[in-house]
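please find the sequence and the predicted model below.
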Amino acid sequence: MWPRVNAAEAPAQSVPAWSPPPARPAAGRYAVPVALAVLALLVPAAAGLLTAPARDAGTAAGTAVTGDAAAGIAVRLAEGRTYFLYVRRDGSAPFGCAVEDGGAGGRVRLTRKNSWSAADRPGYRYTASMTAPLTGTAVLTCRGTDGPLLVAPDGTAGLYLGLALLAVLAACVAAAAGFAVALIRRSRADQRARLGAAASGPGAGSVGRARGPGAAGRAGQQA
């Protein structure tokens, strides 16, 4: 019987390793930071639009003055602007006020306009709001109250601007944090993709080629 001769086996062909495409963060991850950045730009403009009606309706700038309500208080007014009236904490509220500037002036109507933004004054309490009927220095007199009366301009517009500034700062911080998180996640995704490509790259094919001839030789010896 002729000895069996094993035909040489062709070396195993290496199969190119498939590596997944690099993972990228979804575009939606950038939507929130971009929206916050746009909001940070729009809030100041919105604040200006919000404060414009308040200024037109009677928000004034200036300093507070104090004087005797019955004798009269010299105040500098701007027509259409709103002013807050304060009395002593234990004093009575006025029921009627008038503004005189030579031949101009007259009675003013007392309201509670923007009372929610009236600042606390040491020793005083808010009692009413009034709208100035003229521009210039005038004398304000009030009836129904005794003792000093404090007149202060309405600061609602300044409060709106302060809130708008805080909103802008918060939006900027949130946008910066959102961009930082998106960049970190993208960097980690790239790193995972590189590690996956290295694990399933050319090394996997070389292992197959190394095992191919050895396996054929062992098969021939066994035969």
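In hand now; what should we look at? Residues are numbered from 1 along each chain as shown.

mind listing the helices for this protein?
31-57, 156-199, 202-222 (DSSP state H).

which stretch in the ones you listed has the least confidence?
Among the helices of the chain, helix 202-222 has the lowest mean pLDDT, at a mean of 48.

give me the contact list for stretch 66-82.
56-60, 62, 65, 83, 87, 94, 99-100, 113-114, 129-143, 145-151, 153-154, 156 (Cβ atoms under 8 Å, 6 or more residues apart in numbering). Heads up, the C-betas are built off the backbone N, CA and C, glycines and all.

let's see 7 Å
By Cβ atoms under 7 Å, 6 or more residues apart in numbering, the surrounding residues in contact with stretch 66-82 are 58-60, 62, 65, 94, 113-114, 129, 131-142, 145, 148-151, 153-154.

domain-wise, how is the chain divided?
The record's domain parsing of the chain by automatic domain parsing lists 27-56+155-196, 60-154.

please identify the most buried of those domains.
Between those, domain 60-154 has the highest mean count of neighbours, a mean of 17, where neighbours are mean count of other Cβ atoms under 10 Å.

average model confidence for that domain?
What domain 60-154 shows for mean pLDDT is 89.

tell me the spacing between residue 111 and residue 167.
Computed as Cβ to Cβ, to the nearest Å, the residue 111 to residue 167 distance reads 29 Å.

same question, residue 64
Separation of residue 64 from residue 167 (Cβ to Cβ) stands at 28 Å.

which residues does residue 77 bridge with?
When assigned by DSSP bridges, residue 77 has beta-bridge partners residue 136.
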